[in-house]
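Enquirer: This is the structure alone, sequence omitted:
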């Protein structure tokens, strides 16, 4: 009887280890530490800094990321995605995400014929991901931001933008005017590097 019990326990432990080893889990995204509203060649552009991670050992492959930006009744999809560090951006054509996670900058542009503008108001921005072998995209993150009337004047200068920084103490985002590098670079090779942060 003892031998049978030991065998059963060993089998259960092996099955548990195998389940944790081969399960895919889900994909998640930490709250973006930085969100930027930029302008590139007269088009709006959204920048984010965040960590993508998977809860399973096998991880997942993200086929594409895109944003939905809503201001009141106005909704705009930002479907052109790039990621990577400053001046080393890659066009988003697939990204393997494991349980260790990947911290990166992400850049999103709308279609070229979009007429969307950064006007004053409250914005709700959803980050959507299309995961390989999953039929429907999932929502990774939802961010709420407020763009002031004063800061909308910044977009007249293509080198200027508005930076939203998450402050854990207040539980919200602080907005500041700031400059970003790479304004005006072509979409095919762009990413318009991140903002010039204080002390950077």
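Expert: The structure has been received and is ready for your questions. All values derive from a computational prediction rather than experimental measurement. Numbers count the residues shown, from 1 in each chain.

Enquirer: all strands for the chain, in order.
Expert: 27-29, 34-40, 43-54, 60-71, 74-78, 80-83, 90-91, 95-97, 102-109, 121-131, 138-147, 160-167, 172-179 (DSSP state E).

Enquirer: name the helices or strands packed onto the fifth one?
Expert: With contacts defined as 3 or more C-beta pairs under 8 Å, 6 or more residues apart in numbering; DSSP states H and E, strand 74-78 has these neighbours: strand 43-54, strand 60-71. C-betas here are computed from N, CA, C, even on glycine.

Enquirer: now the first one: how far from the chain's centre is it?
Expert: Okay, so that is strand 43-54. Chain-centre distance of strand 43-54: 3 Å, with C-alpha atoms, centre = their mean, to the nearest Å.

Enquirer: strand partners of that strand, parallel vs antiparallel please.
Expert: strand 27-29 (antiparallel), strand 34-40 (antiparallel), strand 102-109 (antiparallel) (DSSP bridges).

Enquirer: and the angle from that strand to strand 60-71?
Expert: Our comparison of strand 43-54 with strand 60-71, counting by axes from the mean of the first three to the mean of the last three C-alpha atoms, to 10 degrees, yields an angle of 140 degrees.

Enquirer: same question for strand 43-54, mean pLDDT?
Expert: Here strand 43-54 scores 91 as its mean pLDDT.

Enquirer: quick one, it and strand 160-167 angle?
Expert: 30 degrees.

Enquirer: Run the angle between strand 43-54 and strand 138-147 for me.
Expert: Inter-element angle recorded for strand 43-54 and strand 138-147: 140 degrees (by the same axes, to 10 degrees).

Enquirer: Please apply the same query to the last one.
Expert: In terms of direction (the same axes, to 10 degrees), strand 60-71 departs from strand 138-147 by 30 degrees.

Enquirer: With respect to residue 3, which of the strands of the chain lies nearest?
Expert: Closest to residue 3 of the strands of the chain, according to C-beta to C-beta: strand 43-54, at 39.1 Å.

Enquirer: ok and that closest one relative to strand 121-131, angle-wise?
Expert: 50 degrees.

Enquirer: about what we covered before: weakest of the strands of the chain by average pLDDT?
Expert: Ranked by mean pLDDT, the strands of the chain end with strand 90-91 at the bottom, a mean of 72.

Enquirer: which residues sit in contact with residue 27?
Expert: Contacts were defined as C-beta atoms under 8 Å, 6 or more residues apart in numbering; by that measure residue 27 touches 52, 53, 54, 55, 60, 62, 97, 129, 131, 138, 140.

Enquirer: Let's see that with 7 Å instead.
Expert: Neighbouring residues of residue 27 by C-beta atoms under 7 Å, 6 or more residues apart in numbering: 52, 54, 60, 62, 97, 129, 131, 140.

Enquirer: so which of these comes closest to residue 172?
Expert: Distance to residue 172, by C-beta to C-beta, is smallest for residue 140 among the contacts of residue 27, at 19.7 Å.

Enquirer: Not counting sequence-adjacent ones, nearest residue to the closest one?
Expert: Closest residue to residue 140 apart from its sequence neighbours, by C-beta to C-beta, 6 or more residues apart in numbering: residue 29 at 3.8 Å.
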